[in-house]
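Trainee: Mind folding the following:
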Amino acid sequence: MDIRPLDATYSVTPQITQEDIPAIKAAGFTTVICNRPDREIPDALHASAMQQAVEAAGLAFVVNPVTGGALTMENVDLQREAIDGATGPVLAYCASGNRSSIVWALALAGRQPTDALIEAGAQYGYQAGQFRELIDRLAQQG
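Mentor: Residues are numbered from 1 along each chain as shown. As a prediction, this is how the structure comes out:
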């Protein structure tokens, strides 16, 4: 598991396994967001299986599958709600962390400067920069 902090309360990681959950809890995360669609992964890693294991460890779990090339405003809204409703640090995962970083940047548009949102993920090679115009537009909508 490779946890990559984007800010003080939100980190991303590539796909997690049930074996990672004790370390996630020990690291202080209170909420785990699954941004990976089930069709990309084996049954053992499907959101329902991960949700059961994460919740059994006492953590909140949010299912918000983001399909590459088909990110929706519903994804953005759900990510924002999950972040806002968290009682502590959030860990989001997908295949590499890229989608989790992009949906975070869009969800936080207007709360942090666009450059800061893009640069937070760029340090790990994530591609939120391609969404600069949308982040700016969402920030203006407030």
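
Trainee: now the helices for the protein?
Mentor: 21-26, 47-56, 73-85, 98-107, 114-122, 132-141 (DSSP state H).

Trainee: List the buried residues of the second one.
Mentor: Spelled out, that is helix 47-56. Applying a neighbour-count criterion of 16 or more other C-beta atoms under 10 Å, one finds 47, 50, 51, 53, 54 buried in helix 47-56. C-betas here are computed from N, CA, C, even on glycine.

Trainee: Please apply the same query to the last one.
Mentor: Applying a neighbour-count criterion of 16+ other C-beta under 10 Å, the buried positions in helix 132-141 are 134, 135, 138, 139.

Trainee: In JSON lines, list the helices of the chain along with distance to residue 40 and mean pLDDT.
Mentor: As requested, the helices of the chain are exported to JSON lines (distance: least, C-beta to C-beta, whole Å; pLDDT from 0 to 100):
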{"stretch": "helix 21-26", "distance to residue 40": "20", "mean pLDDT": "97"}
{"stretch": "helix 47-56", "distance to residue 40": "11", "mean pLDDT": "96"}
{"stretch": "helix 73-85", "distance to residue 40": "15", "mean pLDDT": "96"}
{"stretch": "helix 98-107", "distance to residue 40": "11", "mean pLDDT": "95"}
{"stretch": "helix 114-122", "distance to residue 40": "20", "mean pLDDT": "94"}
{"stretch": "helix 132-141", "distance to residue 40": "24", "mean pLDDT": "89"}
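
Trainee: Any chance of JSON lines for these, columns distance to residue 32?
Mentor: What follows is those, written out as JSON lines (distance: least, C-beta to C-beta, whole Å):
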{"stretch": "helix 21-26", "distance to residue 32": "7"}
{"stretch": "helix 47-56", "distance to residue 32": "5"}
{"stretch": "helix 73-85", "distance to residue 32": "10"}
{"stretch": "helix 98-107", "distance to residue 32": "11"}
{"stretch": "helix 114-122", "distance to residue 32": "18"}
{"stretch": "helix 132-141", "distance to residue 32": "24"}
